[in-house]
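Engineer: Kindly return the folded structure for what I paste below:
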Amino acid sequence: MRKGTFYAENNHLRFECRIDLDENNLKTLNASATHKGNFGKEKIPTLEELFIWLNDNQLFCNIELKNTVFLYSGLEEKVIRLIRTYEMEERIILSSFNHYSLVNCHRLAPELETATLYRDGLYMPWIYAKAIGGSAIHPNIRAAPDALIQSSVSMGVPVRPYTINEETEMKRLFKLGCSGIITDFPKAAVQIREELKSR
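Structural biologist: Predicted coordinates:
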């Protein structure tokens, strides 16, 4: 909630530096820095500011709990309290690479959808997700072959791989029957999905 991760790239080498920042420092950063020139300077909203914005539309929202490197005591309780305060239970998906955190979320709020984020292969991940109280999986696309996506969906566990930014890959996944995708370009993804539905 109040911490951040800073990434810096230098030509072909990528250096990663993780730092703890408070809310005031996070507010000085540009959330659109990786999309230079496209959006101007965008401030990082607080979770409460996001919920206020969501009140004016019908969008669903995936909230990734960033608590794998830094563990934040009470994070799940604070997030769930805000979800309930703004009556967003039907529109929020909680996801995390920290599966202990997802188990805690399920215990605190079994009505909320939780999704396991993972980057390496899991055997029958739909069974694993259900075993920890999850209702969906959010795999890295490299850990989600077509057969896995189709099997998971057929078992009633939605699959939303990340990060799908190429339009050809978006089309392929939608045609395959993928439940959804995580992308940096939601407008393009919605347009492609709607075009495929209209055929």
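
Engineer: Using the three-state scheme, assign Pro139.
Structural biologist: When classified by DSSP: H, G, I helix; E, B strand; the rest coil, Pro139 comes out as strand.

Engineer: Specify the beta-bridge partners of it.
Structural biologist: Here Pro139 sits in beta bridges with Tyr118, going by DSSP bridges.

Engineer: What is the neighbour count of it?
Structural biologist: Residue crowding around Pro139 was assessed by other CB atoms under 10 Å; the count is 25. Backbone N, C-alpha and C define where each C-beta goes, glycine included.

Engineer: Contacts only, for it.
Structural biologist: Contacts for Pro139 were tallied using CB atoms under 8 Å, 6 or more residues apart in numbering; they are Leu117, Tyr118, Arg119, Leu122, Pro125, Leu148, Val159, Pro161, Tyr162.

Engineer: ok, now with 7 Å
Structural biologist: Contacts for Pro139 (CB atoms under 7 Å, 6 or more residues apart in numbering) come out as Tyr118, Pro125, Pro161.

Engineer: same check, this time on Ile182
Structural biologist: Neighbouring residues of Ile182 by CB under 7 Å, 6+ apart: Asn62, His138, Arg160, Pro161, Tyr162, Thr163, Ile164.

Engineer: Apart from its chain neighbours, what residue comes closest to it?
Structural biologist: Leaving aside its sequence neighbours, Ile182 sits nearest to Tyr162 (CB to CB, 6 or more residues apart in numbering; 3.7 Å).

Engineer: State the distance from Ala131 to Ser154.
Structural biologist: Taking CB to CB, to the nearest Å as the measure, Ala131 and Ser154 are separated by 18 Å.

Engineer: go on, Val103?
Structural biologist: Val103 is 25 Å from Ser154, by CB to CB.

Engineer: Repeat that for Arg91.
Structural biologist: Distance from Arg91 to Ser154, by CB to CB: 25 Å.

Engineer: Check Lys197 too.
Structural biologist: 20 Å.

Engineer: Phe60 touches Glu90, doesn't it?
Structural biologist: No. Under the criterion of CB atoms under 7 Å, Phe60 makes no contact with Glu90, lying 8.6 Å away.

Engineer: So if I had to pick from the two, which one is more boxed in?
Structural biologist: Neighbours around Phe60 and Glu90, counted as other CB under 10 Å, are more numerous at Phe60. The numbers are 13 against 9.

Engineer: residues contacting the residue lying closest to the more buried one once chain neighbours are set aside?
Structural biologist: Spatial nearest neighbour of Phe60, chain neighbours left out: Arg91 (5.0 Å); criterion: CB to CB, 6+ apart. For Arg91, the contact set (CB under 7 Å, 6+ apart) comprises Leu54, Phe60, Cys61.
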